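**Student:** this is a predicted model, with the sequence first.
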Amino acid sequence: MAETILVIFGGVSNENEISVITGTMAANVLKKGGMRVIPLYIAQNGGIYAGERLADVNNFKGEAYARESRAAIADGGVYILNKRGKTKKFIKADVALNCCHGGAGEGGAVCGLCALAGIPLASAGIFESAAFMDKYLTKLVLGALGVKTAAYAYVKSAENLDSVPNMPPFPVIVKPVTLGSSIGIEKAENADQLKDAVDCALIYDGAAIVEEYFGERREINCAAYFADDKVYTGECEEAFASGDLLSFEDKYSGCGKSVIPADIPPQTSDFIKKTTAEVYSKLNMRGIVRFDYILCKGQVYVSEVNTVPGSLSYYLLSGGFADFFNVLKKVLAQAKKDFCEAGCKKLLKTGILENIPANACKLGRK
């Protein structure tokens, strides 16, 4: 009998629409490979929907997805609900794949939901998802691992920016601290532009990173996943921007371009792959993760770590969708293996509650 795969996408995020592209792609790759797929969409308002038609990206035009059944994840699977919110049927899930970009979906919430529901998840864990969703925490984690990143300052207000510690010299890049897909990113060359850029970033987020700008830079990406007791890394990609920065349009509207494999020296490519594998391994990561690098004047900096990369980086890890099915199959199998091993560990029950007096936890007096 075919496995039942829960493909989760969407989310309360500015990257919801991009996640729909990734989620429907993954769902169709798995379906074509012979697996039973339950597409589960989280709308921007938090509503959860499930249904086979959600594997068709056209059902997200004009919010047609809302005609599908509402759903809930619990007890090792998905409850399909009727219009009154009552259970219509329950579908057991063998394993889940997180395709949510940004927000709580990529930032650990889907990981936690699957953990509580008892569903193996073929994606990064709670810690690394939460840490790498936040650019400030990313700097702290990578710094602790001895990985080079660009100089930066962390700001939560556009006021008194001239007194912020560690502020890099102009020009700088301003990034909302938890957003992706280049949303809200601005270049600033003076104090007025910096204030405007921070104000813009704080429209979307509660804090921002002000990072040094590398004028003579090259942007390189490298993806990895864990299966068969080893970390696999793909070829390096070089992404080219149409302007000063890689924009949303460059990434998703065809304005930019990329080259795979990147035309960089073999020793640089080897260093990037080695760094990717080492960070992935040291954090005991799982699932498909993409590391974004900046090359400048012979130095290699890690820019970001994406625990749910766009279209799950199929173009970096395979020769096409048919080949990518085998990658997904491996990470799904690894998730089930890890889940089984974790389930063999002892869960302690002390019996302490049996000996607590009946009135021990009462508050106040009657």
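**Tutor:** Here it is on my side, so go on. Numbering: from 1, shown residues only.

**Student:** hmm, who's touching stretch 151-165?
**Tutor:** Contacts to stretch 151-165, defined as C-beta atoms under 8 Å, 6 or more residues apart in numbering, come from residues 136, 139, 166-168, 177, 191, 194-195, 198-199, 202, 206-212. (Each C-beta comes from the backbone N, C-alpha and C, glycine too.)

**Student:** in ChimeraX, select just the buried ones from those residues.
**Tutor:** Applied in ChimeraX, the following selects the buried portion of the contacts of stretch 151-165 according to 16 or more other C-beta atoms under 10 Å:
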select :136,139,167,177,194,195,198,202,207,208,209,210,211,212
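
**Student:** now, which of the contacts of stretch 151-165 lie within strands?
**Tutor:** Of the contacts of stretch 151-165, the ones assigned to strands by DSSP state E are A208, I209, V210, E211, E212.

**Student:** nearest to T22, of those residues?
**Tutor:** Nearest to T22 among those, counting by C-beta to C-beta, is I209 at 24.4 Å.

**Student:** elements contacting the lengthiest strand in the chain?
**Tutor:** Ranked by residue count and defined by DSSP E, the top strand of the chain is strand 217-227. Judged by 3 or more C-beta pairs under 8 Å, 6 or more residues apart in numbering; DSSP states H and E, the packing partners of strand 217-227 are strand 230-233, strand 237-240, helix 266-282, strand 289-296, helix 314-317, helix 321-343.

**Student:** among the ones you listed, which comes closest to G118?
**Tutor:** Comparing the helices and strands packed on strand 217-227 by C-beta to C-beta, helix 321-343 comes nearest, at 8.4 Å.

**Student:** send the alpha carbons of the longest strand of the chain over as CSV?
**Tutor:** Written as CSV, here are the backbone C-alpha positions of strand 217-227 (Å, rounded to 0.1, in the frame of the first residue of the first chain):
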residue,chain,number,x,y,z
ARG,A,217,30.3,40.4,-4.4
ARG,A,218,29.1,37.1,-5.9
GLU,A,219,26.1,35.3,-4.5
ILE,A,220,26.5,31.5,-4.2
ASN,A,221,24.0,28.9,-3.0
CYS,A,222,24.5,25.3,-1.9
ALA,A,223,21.9,22.9,-0.7
ALA,A,224,22.2,19.8,1.5
TYR,A,225,20.2,16.9,2.9
PHE,A,226,20.8,13.9,5.2
ALA,A,227,20.0,10.3,4.2
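
**Student:** can you list the strands that it pairs with?
**Tutor:** Sheet pairing of strand 217-227 (DSSP bridges) gives strand 230-233 (antiparallel), strand 237-240 (antiparallel), strand 289-296 (antiparallel).

**Student:** could you give the mean pLDDT of stretch 121-139?
**Tutor:** Taken as a whole, stretch 121-139 carries a mean pLDDT of 95.

**Student:** just the buried residues of it, please?
**Tutor:** Here stretch 121-139 shows 121-126, 128-136, 138-139 as buried, counting by 16+ other C-beta under 10 Å.

**Student:** same thing with stretch 306-319?
**Tutor:** 306-318.

**Student:** closest one of those to F339?
**Tutor:** T307 (18.0 Å).

**Student:** okay if I get the ones in strands among the contacts of stretch 151-165 as CSV plus pLDDT and distance to D292?
**Tutor:** Converted to CSV, the ones in strands among the contacts of stretch 151-165 look like this (pLDDT from 0 to 100; distance: C-beta to C-beta, whole Å):
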residue, pLDDT, distance to D292
A208, 94, 18
I209, 94, 14
V210, 96, 18
E211, 95, 13
E212, 95, 16
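
**Student:** surely L328 meets A26?
**Tutor:** Yes. Counting by C-beta atoms under 8 Å, L328 does reach A26; the two are 6.8 Å apart.

**Student:** ok, M35 - contacts?
**Tutor:** Contacts for M35 (C-beta under 8 Å, 6+ apart) come out as A2, E3, T4, I5.

**Student:** measure the second one to L317 for me?
**Tutor:** Counting by C-beta to C-beta, to the nearest Å, the separation of E3 from L317 is 21 Å.

**Student:** got it, and the last one?
**Tutor:** Distance, I5 to L317, by C-beta to C-beta: 18 Å.

**Student:** now swap in the third one and tell me
**Tutor:** The spacing between T4 and L317, counted by C-beta to C-beta, is 24 Å.

**Student:** wait, which of the buried residues of stretch 306-319 is closest to A71?
**Tutor:** Nearest member of the buried residues of stretch 306-319 to A71, counting by C-beta to C-beta, is V308, at 20.1 Å.

**Student:** skipping its backbone neighbours, what lies nearest that closest one in space?
**Tutor:** Distances taken as C-beta to C-beta, 6 or more residues apart in numbering place E106 nearest to V308, at 4.5 Å, with adjacent residues excluded.

**Student:** likewise A262?
**Tutor:** Residue nearest to A262 in three dimensions, not counting chain neighbours: E238, with 3.7 Å by C-beta to C-beta, 6+ apart.

**Student:** one step back: so which of the strands paired with strand 217-227 comes closest to C340?
**Tutor:** The nearest among the strands paired with strand 217-227, by C-beta to C-beta, is strand 230-233 at 18.9 Å.

**Student:** can you point out the buried residues in that closest one?
**Tutor:** By neighbour count on 16+ other C-beta under 10 Å, the buried set for strand 230-233 is V231, Y232, T233.
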